[in-house]
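**Student:** coordinates only, sequence not included:
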């Protein structure tokens, strides 16, 4: 039994690593690929918005069914949808078909987690590790993801640049990256099939989940309140998804794919280190304080990015922002798991993840419209940072008095 649990934990970390590599691999070139397909800024933004909208719907279906139908099966379905999305995106430039695929498939425009995987994996990890190791486990889980995203961004940008230098057209070089994303989806299907029944919800939880709306009961109020605030934060984050930021650097400073890969490699490495630091800080000042006190400075720096007059200064501001921006992620996830009942954890992660997806779904379309206007080219950074600061203040005021068990 112990060996089975250790094996499942290792597999969940491995699937996280491979998936986030794929997201980073794709994110640097996705908007550039769509532009090469002939899409305008507004069309690209709308397509990415529909990607996030579809993600919300898919996540709702899969996460609310996972405990009843099987977590492993739902993870396999999610990986299959990832595979399908990569394949169709790589094969066609038909806008209507791309829209349909964006809605039903799983494809990440941000380099960040998307789809049902995070909710199910973290619910499974919370079941496999003791409470006192939860925040640290989530910190390492996020560190693995950030490092994998960083390497993926570096490899994706370098591969596109290398292929172009070898005579490939930009379109075909970016298509090669899409095909690589498809292969990653295939690999995830295989790995998820190797998970054991140790990750499945206990039988009593399965019976309860069928009877309750969204699988919530005692914690419904706190989960919905957290979800509304997380949706606000995600809306702001959606204005500056990695694909659109890469496009912004390309348009404003003429940065090429290989250099974009280096920038986001460094950014995600710093993000991973900051996520790991969060567990150490949270032990000293608490989860909510860690979320807020590290998030506000990062958002001030985000606002400053478009005002940097040179490329090196803009890169420096972006990297500084990433170096502290992810400390709220493992603490936010751990706090959500801590303040809900054990039999509501899968549902709570699902509902809050869906709220974030819904919050972020309109943002890329807005960013696309803003980027199409020269005078508003830097507005997404300013709007995103400002909304995130409001979110920080609201979550501190609303939850500073609600302590997780380890802080009581």
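**Tutor:** Arrived safely, thanks for sending. What you see is a predicted model; the values in this text were computed from it and never measured.
**Student:** now the helices for the stretch 151-300 of the chain?
**Tutor:** Along the stretch 151-300 of the chain, counting by DSSP state H, counting those that start in this stretch, helices occupy 170-193, 203-211, 220-238, 242-253, 257-285, 287-304.
**Student:** want to throw these into CSV with distance to residue 33?
**Tutor:** All C-beta atoms are positioned from the backbone trio N, CA, C, and that covers glycine. Compiled in CSV, the helices of the stretch 151-300 of the chain are given as follows (distance: least, Cβ to Cβ, whole Å):
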stretch, distance to residue 33
helix 170-193, 4
helix 203-211, 40
helix 220-238, 19
helix 242-253, 9
helix 257-285, 10
helix 287-304, 25
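**Student:** Reformat the ones you listed into JSON lines and put mean pLDDT next to each item.
**Tutor:** Formatted as JSON lines, the helices of the stretch 151-300 of the chain follow (pLDDT from 0 to 100):
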{"stretch": "helix 170-193", "mean pLDDT": "94"}
{"stretch": "helix 203-211", "mean pLDDT": "47"}
{"stretch": "helix 220-238", "mean pLDDT": "91"}
{"stretch": "helix 242-253", "mean pLDDT": "89"}
{"stretch": "helix 257-285", "mean pLDDT": "85"}
{"stretch": "helix 287-304", "mean pLDDT": "93"}
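**Student:** now for the ones you listed, which one comes closest to residue 4?
**Tutor:** helix 170-193 (15.1 Å; Cβ to Cβ).
**Student:** mind listing what's buried in that closest one?
**Tutor:** Buried positions in helix 170-193, judged by neighbour count with 16 or more other Cβ atoms under 10 Å: 170, 173-178, 180-182, 184-185, 187-189, 191-192.
**Student:** Likewise for stretch 364-381?
**Tutor:** 364, 365, 366, 367, 368, 369, 370, 371, 378, 379, 380, 381.
**Student:** can you name the two of those residues that are farthest apart?
**Tutor:** 365 and 378 (17.9 Å).
**Student:** For the residue lying closest to residue 193 once chain neighbours are set aside, which residues are in contact?
**Tutor:** Spatial nearest neighbour of residue 193, excluding adjacent residues (Cβ to Cβ, 6 or more residues apart in numbering): residue 76 at 6.2 Å. Contacts for residue 76 (Cβ atoms under 8 Å, 6 or more residues apart in numbering) come out as 189, 192, 193.
**Student:** what helix or strand is residue 76 on?
**Tutor:** Element membership for residue 76 (DSSP states H and E) is helix 71-91.
**Student:** can you state the direction angle for the following helix or strand past that helix and helix 71-91?
**Tutor:** As assigned by DSSP H and E, the chain's next helix or strand after helix 71-91 is helix 95-104. Interaxial angle, helix 95-104 versus helix 71-91 (axes from the mean of the first three to the mean of the last three Cα atoms, to 10 degrees): 160 degrees.
**Student:** Would you mark the buried spots in the helix holding residue 76?
**Tutor:** By 16+ other Cβ under 10 Å, the buried positions in helix 71-91 come out as 71-90.
**Student:** what about this structure, any weak spots by pLDDT?
**Tutor:** 1, 64, 110, 202-217, 342-343, 346, 408 (pLDDT under 70).
**Student:** can you rerun that using 50?
**Tutor:** By pLDDT under 50, the weakly predicted segments of the chain are 205-211.
**Student:** max-length helix in it?
**Tutor:** If each helix of the chain is counted by residues according to DSSP state H, the longest one is helix 2-36.
**Student:** what's the angle between that one and helix 95-104?
**Tutor:** Using the same axes, to 10 degrees: helix 2-36 against helix 95-104 is 160 degrees.
**Student:** Test my guess that residue 179 contacts residue 90.
**Tutor:** Yes: if you go by Cβ atoms under 8 Å, residue 179 and residue 90 touch, sitting 5.1 Å apart.
**Student:** Setting aside sequence neighbours, what's the nearest residue to residue 298?
**Tutor:** residue 325 (4.0 Å).
**Student:** Tell me, how many residues neighbour the one you found?
**Tutor:** A count of nearby residues for residue 325, using other Cβ atoms under 10 Å, gives 24.
**Student:** re earlier: now for the helices of the stretch 151-300 of the chain, which one comes closest to residue 109?
**Tutor:** helix 242-253 (4.5 Å).
**Student:** Let me see the residues that make contact with that closest one.
**Tutor:** Against helix 242-253 from outside (Cβ under 8 Å, 6+ apart): 24, 27-32, 35, 44-45, 48, 109-112, 153, 255-256, 260, 263-264, 311, 314, 318, 364, 367-368, 371, 377, 380.
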